[in-house]
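[1] any chance you can model this:
(2 chains)
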Amino acid sequence: MIQIQHVSKTYDNRSIIKDISFQVEKGESFGIIGPNGSGKSTLLKLCSGIEKSNKGTIQINGNQMYTYTKRQLAKWIGVLQQEALPLIGFSVREVVEMGRYPYQNWMGSEKQDTEQLITDIMEKLEIEPLKNRTLEQLSGGERQRVALGKVMAQQPQILMLDEPTTYLDIGHQVQMMDYIRNWQTQNQLTVISVLHDLNLAAMYCDRLLLLHEGEIVKVGTPSEVLKSELISQVYGTEPIVFTHPELNVPQLLLKSK
Amino acid sequence: MKHKLLLWGGAGILLLLLSIVVSLSMGSAHIPLLQVWRILLHQLPLVGQHISVDWPISSEKIILEVRFPRIILGILVGACLSLAGTGFQGVLRNPLADPFTLGVATGASVGAAFLILFGIQFLWLGQWTVPIVAFLSGILSLLFVFKLAGIQGKFRVETVILSGVVVQAFLGSIVSFMITLSDDVINRIVFWLMGSLALRGWEFSIILFPYLFIGFIVLLGYGRVLNLFALGERQAAHLGVNVDRSKWIVLIFSTLISAAAVSVAGVIGFVGLIVPHLIRLLVGPDYRLILPLSVLFGAIYVLWADTIARMLLNPQEIPLGVITAFIGAPFFAYLLSKNKKMTDHS
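    Predicted structure coming up:
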C-alpha cells in the first residue's frame, strides 16, 4: 500500500531521517516508536506528503507520491493529529462535513448525497447527540472524537495517526484506539501510527518500527521489537517486559534506577 | 447554512435598497421621498414610461448626477473595504488584520501626500493621478510587509501583523513629515487622509466595480478553504488544500481590492475591521456566509456613514473616516460585551 525507499531528510544540514526503507501492506496496523527527537513525527510528515524528502522515494498504491495532486492524496491519506481541534464556533456536524473537502467541486457540492454518510459516522462515534454544539462547548475527549469523525468523512485508504492519544486520559485513550481498530477491520484500512505509549503500541499494532536518531533500529512484531535490551539501548532506561495476560502481547513496566 | 444566507442576505439587500432611497432624499435641497422613488422608477425601461414627469428638472439632476453617483461609490467602497478585511482576517486568522493595520492605507497615503505636497496631484493624468499613485504605493507597501514577514518564500502568519504595524509606523512618520512641510492653511493632505466621497463622479465607481466583482467571486471560491484554515494550516493541508497558493491568492486579491478602495476615497478606517467581526458575531464562523454578508453590510455601513458625513453639519462636510470610526468603535464595543455575556451564561 505504501512503500518507503531510502528516504532521507535534512534540516539546515542536520540530518533528521537517514536512509529509511519499509513498507506497509493493505489492512495492516503499523506503529512507529522511538524516543523524543528520534524523528518519528518527521517520518510521518514525509509519509503523509506535507514535507518533502531530500532523497528517496515514497510510493502510494504503486505510484510515486509526487504524481498525486494534493486533493488526490487527501483521498488516499487521512491524518489525525495530536493537537485537539481549536476552540472555534463551528458546530460538530460542520466540522465532520469538512472532511469531504477533497471530494467537493469549487462550489462545495458533491455528486452523491453525503448526509447519511455523515450521520452514520457521528452515530458510530457517539457524537450525534452533540451535533449542534460548537467545538468550544466540548470536552477534550469529545473534540478528539470529532477530529476522528472528520478524518472518517474523508474516507482515506491509509490513516496516519500522530500521537492521537497524548492529551487523553486512559479511558479515552482506549476508547479512541478501539474506534480506530473497528474502522480498520471493517474497511480494510491501512493504519500508520506514531505512538508515545509503548504499551498501547504493542496492543494495537501488528508491526512496530523502532526509530533512534533518524535510523531504523528494528522492524518487526511487537514481541520482536519490545525487548528489554533494545529498549534500554534506545531509551536509556531498562524496563521489565512481561506478557499481557489476555492479549498475549508484550507490555512494559518501568523501574527507577 | 443556505437558510441563514437567504435570511440574512435577503434582509441585507432590502435594507440596502431602502437605505439608497432614503439617503437619496437627504441633502441640502429638499426632495420628498415619494418623488425620489418616482424619479428612480422613471429611469427604468418599461416601468418608466408609465410615470409622468411632475418634478423640476433640477431635482432629477441632483438625484442622478450628484447624489446617486456618490451613494453608489460609497456602497462600492464599503463593500471593498469590508470584503478585503474579511479576506485578511480569514487568511491571517487574526482579528486585528485589516487593510489599515497591514499598512495598505498608510502606503497609499504616502503616495497621495507626496503628490499633494508638491502640488502635482493633477499632473499627467488629471483627477486620476492621486488614485493611481496611491494604488501603486499601497500595494508596494503591503508587498514589503509580506517580504518582511517572510522566511524563504513562506511567511509566518504571526509575524505579518507585527511587520504591518512596523511598516505602518515608519510610513506614517513620513506622511506626518510631509504634512509639517506643507504650509497650506487648510491642509489638503490631512483632508485626503481623513477620507471623502465628495465630488467624485460615475467614473470612480466604474473603476472600482471590476475589483469588487472579480475579487468577490474569487474570495467566495475560497470560502471553504478559509473555513479549513480556521482549524489550522496543517489540518487544511491534510485535507488537500494547497496552503501556500491559497494564502497568496486570498492575500493578493484582498490587497488589490483594498488598495483600489483607498485610492479613490482616501483613508476610511474601521470598516474592514469592524464589519467582518460584526457579521461573525451574528452568523458564526462560516466564511461562506461571512464573505457575502460582509460585502452587503459593509456597503450599508459606509452608505450611512457618508450620509451622516454630508448631513450632520450641512452645508459643511465631516470627513468620512471620522464618522466610520466614531460610530464604529463604540458600537463594536457594545456588541463585543454583549456577546461575551451571552457565552458566559450558556
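
[2] okay, CA-based contacts and neighbour counts for the rest of this
    Fine.

[3] residues near the residue nearest to B:D286 when sequence neighbours are not counted, how many?
    Nearest non-adjacent residue to B:D286, counting by C-alpha to C-alpha, 6 or more residues apart in numbering or on different chains: B:N227, 6.2 Å away. Number of residues near B:N227 (other C-alpha atoms under 10 Å in any protein chain shown) recorded here: 21.

[4] mind listing what's buried along stretch A:214-230?
    Under the neighbour-count criterion of 16 or more other C-alpha atoms under 10 Å in any protein chain shown, stretch A:214-230 has A:G214, A:E215, A:I216, A:V219, A:T221, A:P222, A:S223, A:V225, A:L226, A:K227, A:L230 buried.

[5] who's in contact with that stretch?
    Here stretch A:214-230 makes contact (C-alpha atoms under 8 Å, 6 or more residues apart in numbering or on different chains) with A:15-20, A:38-40, A:201-202, A:205-211, A:238-241, A:249-250.

[6] which strand or helix spans B:V160?
    B:V160 is part of helix B:157-181, with elements assigned from DSSP states H and E.

[7] still on that earlier bit, out of the buried residues of stretch A:214-230, which sit inside strands?
    Those of the buried residues of stretch A:214-230 mapping onto strands are A:E215, A:I216, A:V219, per DSSP state E.

[8] alpha carbons only: can I get stretch B:240-248 in CSV?
    Extracted in CSV, the C-alpha atoms of stretch B:240-248 (Å, rounded to 0.1, in the frame of the first residue of the first chain):
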residue,chain,number,x,y,z
GLY,B,240,-5.9,18.5,0.3
VAL,B,241,-5.7,22.3,0.4
ASN,B,242,-2.7,23.9,-1.4
VAL,B,243,-1.9,26.0,1.6
ASP,B,244,0.7,28.4,0.3
ARG,B,245,-1.1,29.0,-3.0
SER,B,246,-4.4,29.7,-1.3
LYS,B,247,-2.8,32.1,1.2
TRP,B,248,-1.2,34.1,-1.6
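
[9] got phi/psi on the residue of the stretch 101-250 of chain B found nearest chain A?
    Taking C-alpha to the nearest C-alpha, chain A has its nearest neighbour within the stretch 101-250 of chain B at B:G240, 4.2 Å off. Dihedral pair for B:G240: phi 100, psi 10, per degrees, to the nearest 10.

[10] and the residue nearest to it when sequence neighbours are not counted, what pLDDT?
    Excluding its sequence neighbours, the residue lying closest to B:G240 (C-alpha to C-alpha, 6+ apart) is A:R71, at 4.2 Å. A:R71 is assigned 91 on the pLDDT scale.

[11] for B:V157, same thing?
    Value listed for B:V157 in the pLDDT field: 71.

[12] which residue packs closest to it, ignoring adjacent ones?
    Nearest to B:V157 is B:L92, by C-alpha to C-alpha, 6+ apart, at 5.4 Å.

[13] same question for A:I121.
    A:G149 (6.2 Å).

[14] tell me the contacts of the one you found?
    Residues in contact with A:G149, defined by C-alpha under 8 Å, 6+ apart, are A:V96, A:I121, A:M122, A:L125.

[15] which members of those residues occur in helices, if any?
    Of the contacts of A:G149, the ones assigned to helices by DSSP state H are A:V96, A:I121, A:M122.

[16] what's near enough to touch whatever residue of the stretch 51-200 of chain A ends up closest to chain B?
    Residue nearest to chain B within the stretch 51-200 of chain A: A:R71 (4.2 Å; C-alpha to the nearest C-alpha). The contact partners of A:R71, by C-alpha under 8 Å, 6+ apart, come to A:P102, A:Y103, B:L239, B:G240, B:V241.

[17] filter the contacts of stretch A:214-230 down to the buried ones and hand me the PyMOL line.
    Selection of the buried residues among these in PyMOL, burial being defined by 16+ other C-alpha under 10 Å:
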select buried, chain A and resi 16+17+18+20+38+39+40+201+202+205+206+207+208+209+210+211+238+239+241+249+250
